[in-house]
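[1] need a 3D model of the following:
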Amino acid sequence: MFHCHTNRKTEVLEDFLGKKYNESSLDDFLKRAMEKSLQSKNGHLDLFVRFLHGLCLESNQRLLVGLLGQTEISPGTIQRVINNLKEMNSDEISPDRSINIFHCLMEMNHLSLFQEIQEFLKSENRSEKELSEIQCSALAFMLQMSEEVLDELDLQKYKTSEQGRQRLIPAVRNCRKAGLTQCGLSESHCEVVASALKSNPSHLTELDMSGNNDLQDSGVKLLCAGLESPNCRLETLRLENCGLSEISCDYLAAALKSNPSHLRELELWDNNLKDPDVKQLSDLKKSPDYRLETLVWW
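    Numbers count the residues shown, from 1 in each chain. Prediction:
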């Protein structure tokens with residue numbers, strides 16, 4: 001792809017990008033390649049775009065000169081590539097995919113972001129420091145890779161945008177208590193949470209997703225798939241004011257019956273549940289696998 005760009009082989013580039021490709025600068029090509037990779041749900045292009053960005057380094061070009069030919073990339077182009085990565089908008093994209101933006105910056109030897117997050121983690125006044133979206137992606141990566149399990153991840157305690165908070169969600173894989181209370185968690189965010197509940201070992205024992213009143217049935221279904229995992233250790237689940245439907249209640253009831261669960265507390269305040277939903281949840285007490293000690297729905 002790099003060779004095709006430098007030699008203007010537009011047919012190959014158009015086939016890859018899936019749209020008409022006019023001659024453009026290297027930074028524009030890399031931006032479009034990154035955007036395509038972010039659209040992937042399974043991340044099959046993640047390593048490819050990391051490698052592609054790594055080719056911008058002069059040291060790597062010297063190693064691969066026999067394949068790439070002579071290429072000269074100006075410092076200005078390098079800086080535009082870095083700026084494009086830092087400013088990449090990831091609305092409606094999985095936070096796991098967003099972390100790959102951070103990896104691409106590391107491939108380009110842009111270490112300042114890594115150093116900024118290290119300083120943030122050492123700081124005593126974290127709540128006062130404002131984080132950009134790309135800093136949130138870097139922080140999420142470093143938290144979930146840490147050997148220390150985080151006691152609590154509360155999105156509201158971080159000074160950043162809503163999109164920045166969403167980029168922090170992958171860190172739930174390495175924390176005991178998670179507060180994901182904000183409007184707008186999508187199916188892709190629920191997928192990350194479900195992954196955390198299924199992971200081995202799973203550290204998450206308390207999860208609060210209250211206030212996400214646009215939580216769709218598909219998101220609840222993913223969440224319940226996590227609850228059904230034999231690795232799940234969740235003891236407290238709060239879904240207050242999440243606009244739960246009859247179908248969502250079906251998923252919850254099935255999850256609580258299908259597998260001996262660690263769940264002890266389930267709070268469903270302010271969901272305007274109808275009588276059949278309440279009865280279905282109440283009837284769970286008749287199940288031999290019923291372990292709940294607290295069930296609140298009004």
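[2] what about the helices in the stretch 151-298 of the chain?
    With DSSP state H, counting those that start in this stretch, the ranges of helices along the stretch 151-298 of the chain come out as 162-167, 187-198, 217-227, 246-258, 275-282.
[3] winner for burial among those?
    helix 162-167 (a mean of 23; mean count of other Cβ atoms under 10 Å). In short, each C-beta sits where N, CA and C put it, glycine included.
[4] pull the residues that contact that helix.
    89-91, 95, 98-99, 131-133, 135-137, 140, 155-156, 158, 182, 184-185, 189 (Cβ atoms under 8 Å, 6 or more residues apart in numbering).
[5] kindly export the helix or strand of the chain with the lowest mean pLDDT (C-alpha atoms) in CSV.
    Between all helices and strands in the chain, the lowest mean by mean pLDDT, DSSP states H and E belongs to helix 65-68, at a mean of 78. C-alpha atoms of helix 65-68 as CSV (Å, rounded to 0.1, in the frame of the first residue of the first chain):
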residue,chain,number,x,y,z
VAL,A,65,14.8,0.8,1.0
GLY,A,66,15.0,-2.3,-1.3
LEU,A,67,11.3,-2.7,-1.2
LEU,A,68,10.1,0.9,-0.9
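[6] sorry, back to before: drop anything exposed from the contacts of helix 162-167.
    The neighbour-count test (16 or more other Cβ atoms under 10 Å) marks 90, 95, 98-99, 131-133, 135-137, 140, 155, 158, 182, 184-185, 189 as buried among the contacts of helix 162-167.
[7] where does the least confident helix or strand of the chain sit relative to the chain's centre, distance-wise?
    36 Å (Cα atoms, centre = their mean, to the nearest Å).
[8] run through the neighbouring helices and strands of it.
    Counting contacts by 3 or more Cβ pairs under 8 Å, 6 or more residues apart in numbering; DSSP states H and E, helix 65-68 packs against helix 2-6.
[9] which helix or strand lies directly C-terminal to the helix it packs on?
    helix 10-17 (DSSP states H and E).
[10] let's see the helix or strand following that next one as PDB, backbone CA atoms only.
    The helix or strand immediately downstream of helix 10-17 is helix 26-38, counting by DSSP H and E. The C-alpha coordinates for helix 26-38 follow below in PDB (Å, rounded to 0.1, in the frame of the first residue of the first chain):
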ATOM      1  CA  LEU A  26       1.000  10.900   2.500                       C
ATOM      2  CA  ASP A  27      -0.700  12.300   5.600                       C
ATOM      3  CA  ASP A  28      -4.100  12.300   3.900                       C
ATOM      4  CA  PHE A  29      -3.600   8.700   2.700                       C
ATOM      5  CA  LEU A  30      -2.600   7.500   6.200                       C
ATOM      6  CA  LYS A  31      -5.600   9.300   7.700                       C
ATOM      7  CA  ARG A  32      -8.000   7.500   5.300                       C
ATOM      8  CA  ALA A  33      -6.300   4.200   6.000                       C
ATOM      9  CA  MET A  34      -6.700   4.800   9.700                       C
ATOM     10  CA  GLU A  35     -10.400   5.700   9.300                       C
ATOM     11  CA  LYS A  36     -11.000   2.500   7.400                       C
ATOM     12  CA  SER A  37      -9.300   0.400  10.100                       C
ATOM     13  CA  LEU A  38     -11.500   2.100  12.800                       C
END
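[11] okay, and for the protein, where does confidence drop off?
    69-70, 90-92, 259-260 (pLDDT under 70).
[12] sorry, back to before: for residue 204, find the nearest of the helices of the stretch 151-298 of the chain.
    helix 187-198 (5.4 Å; Cβ to Cβ).
[13] for the stretch 51-200 of the chain, what spans make up the strands?
    Along the stretch 51-200 of the chain, counting by DSSP state E, counting those that start in this stretch, strands occupy 150-154, 175-179.
[14] turn these into a markdown table, including distance to residue 253.
    Below are the strands of the stretch 51-200 of the chain laid out as a markdown table (distance: least, Cβ to Cβ, whole Å):
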| stretch | distance to residue 253 |
| --- | --- |
| strand 150-154 | 28 |
| strand 175-179 | 23 |
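[15] deepest in the core, which of the ones you listed is it.
    By mean count of other Cβ under 10 Å, those have strand 175-179 as the most buried, with a mean of 20.
[16] so it versus helix 187-198, what angle?
    150 degrees (axes from the mean of the first three to the mean of the last three Cα atoms, to 10 degrees).
[17] quick one: terminal-to-terminal distance for stretch 207-218?
    18 Å (Cα to Cα, to the nearest Å).
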